[in-house]
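Visitor: sequence and predicted model, in that order:
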Amino acid sequence: MSGKPLPPFPLAAVAAPSAAKAAARPARPAGPTVMPGAPARMPAMAAVPPEARLEEAVTLWQDGRRADAEATAAAALGLPKRLKGADRARALTQIAEKLYFAGDYTEAAEAAGRALKADRTVLSARLIRAAALRGWGPLADAEAEARAAVKAAPGNPAATDGLVAVLLDQGRPEDAEKAVRALLARAPSASAAHALLGRLLRRRGRYDEAVAAVKAALGCPDAQPPRLLWVLGATLHDAGRYDEAIDAFRRSIALAPKVGDAHAALVESLQAAGRHAEAVEAVKAARKAVPGYDKRFLDLLYEAPPTAIPDAPADPSRVILVNGFGHYPAVPLGISLVKS
């Protein structure tokens, strides 16, 4: 459980002028726009994409030019030059988010803290600050910020997810479970709350309870079946219930055939179940369905599983290398076992 927040402010809303504004602009007059004999007008510089401006804002922030960083982020978001209140919090939150995902947790916590001073109601800033403090190291401060986020949004699974991550880092799984069950009491119809419980129980090795929690998530009105079926399959796989896991992964693939994670998980469960020929066919199907599958996933498939590391050179026809290196459960494979 990473506790990483989702991007709070999509750039698409500010990247282009509105149609109403565009329609209100006067039409450009026809004919030449410069006097005869005058030097040709220089072509206009291309507009800087908002994402590039935000990256520039992060660099300025890291260089200590924080006022310039805020102004640059404001320009990227189409905000007024003189930032106040919620607008300033929005610009700072974007900077904090970029810093966090760049791994600069100290500066991310600082930027998010300034955003909260500008507007204490911005939940995304509080989530980023809690996650940044967790990454930085002061877990007591991270817990305090995460609890403040839960207090501000008691029914929001993202807030509780951040708190759970901090509690687990502190070695307090019982407190983490209490936090999730309190969330479920407040938001019993939120699929993310049930899924969070399932992930926690799976981590604790309570697989049957975890499976029940994920199935409850699938029954919620806001459920996203492709991902939840992948989570269900992964939980069943960990429980050693490979045939059920295979069924869950195949249902996930049927709903979202271009998501490579479910394909790779299906291959793993098929091999664990000893269904090696099916695993080979699953990889072939994944290659056709998922662009760049071989670059993202490593699959080593067997026509027959080895029982021990051989003393003599192995027959390379027994293994098929799909991409990269791999191992069969508990049996590491040397380069002599790999058929190129």
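Guide: It's in. Residues are numbered from 1 along each chain as shown.
Visitor: for the protein, which residues score under the pLDDT cut-off?
Guide: By pLDDT under 70, the weakly predicted segments of the chain are 1-47, 298-340.
Visitor: ok, now with 80
Guide: Where the chain drops to pLDDT under 80, the residues are 1-48, 295-340.
Visitor: where exactly do the strands run in it?
Guide: For the chain, strands defined by DSSP state E occupy the ranges 300-302, 319-321, 327-328, 331-332.
Visitor: contacts for stretch 94-108 next, please.
Guide: 4-5, 7-9, 54-55, 57-58, 61-62, 69-70, 73, 76-77, 109, 111-112, 115, 124-125, 128-129, 131-133, 135-136 (C-beta atoms under 8 Å, 6 or more residues apart in numbering). Every C-beta, even on glycine, is put in place using the N, C-alpha and C of the backbone.
Visitor: how about Ser269, what does it touch?
Guide: Taking C-beta under 8 Å, 6+ apart as the test, what Ser269 contacts is Gly233, His237, Tyr242, Ala245, Ile246, Phe249.
Visitor: circling back: filter the contacts of stretch 94-108 down to the buried ones and hand me the ChimeraX line.
Guide: To isolate the buried members of the contacts of stretch 94-108 in ChimeraX, using 16 or more other C-beta atoms under 10 Å:
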select :4,5,8,54,57,58,61,69,70,73,76,77,109,111,112,115,124,125,128,129,131,132,133,135,136
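Visitor: which ones among the contacts of stretch 94-108 are found in helices?
Guide: 54-55, 57-58, 61-62, 69-70, 73, 76-77, 109, 111-112, 115, 124-125, 128-129, 131-133, 135-136 (DSSP state H).
Visitor: got the buried residues for the longest helix anywhere in the chain?
Guide: In the chain, assigned by DSSP H, the helix with the most residues is helix 85-101. The neighbour-count check on helix 85-101 (16+ other C-beta under 10 Å) flags 87-100 as buried.
Visitor: could I get those residues as JSON lines with distance to Ala185?
Guide: As requested, those are exported to JSON lines (distance: C-beta to C-beta, whole Å):
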{"residue": "Asp87", "distance to Ala185": "36"}
{"residue": "Arg88", "distance to Ala185": "36"}
{"residue": "Ala89", "distance to Ala185": "31"}
{"residue": "Arg90", "distance to Ala185": "32"}
{"residue": "Ala91", "distance to Ala185": "36"}
{"residue": "Leu92", "distance to Ala185": "34"}
{"residue": "Thr93", "distance to Ala185": "30"}
{"residue": "Gln94", "distance to Ala185": "34"}
{"residue": "Ile95", "distance to Ala185": "36"}
{"residue": "Ala96", "distance to Ala185": "31"}
{"residue": "Glu97", "distance to Ala185": "30"}
{"residue": "Lys98", "distance to Ala185": "35"}
{"residue": "Leu99", "distance to Ala185": "35"}
{"residue": "Tyr100", "distance to Ala185": "30"}
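Visitor: ok, the residues you listed vs Ala272, which is closest?
Guide: Distances from Ala272 to the buried residues of helix 85-101, taken as C-beta to C-beta, are shortest for Tyr100 (36.0 Å).
Visitor: just give the closest residue to that closest one, not the sequence neighbours.
Guide: The shortest distance from Tyr100 to any residue other than its chain neighbours is 3.9 Å, reached at Ala108 (C-beta to C-beta, 6 or more residues apart in numbering).
Visitor: please report how far the one you found lies from Gln94.
Guide: To Gln94, Ala108 is 11 Å away according to C-beta to C-beta, to the nearest Å.
Visitor: what's near enough to touch the residue nearest to Pro80 when sequence neighbours are not counted?
Guide: Leaving aside its sequence neighbours, Pro80 sits nearest to Asp87 (C-beta to C-beta, 6+ apart; 6.2 Å). Contacts for Asp87 (C-beta under 8 Å, 6+ apart) come out as Ala74, Leu79, Pro80.
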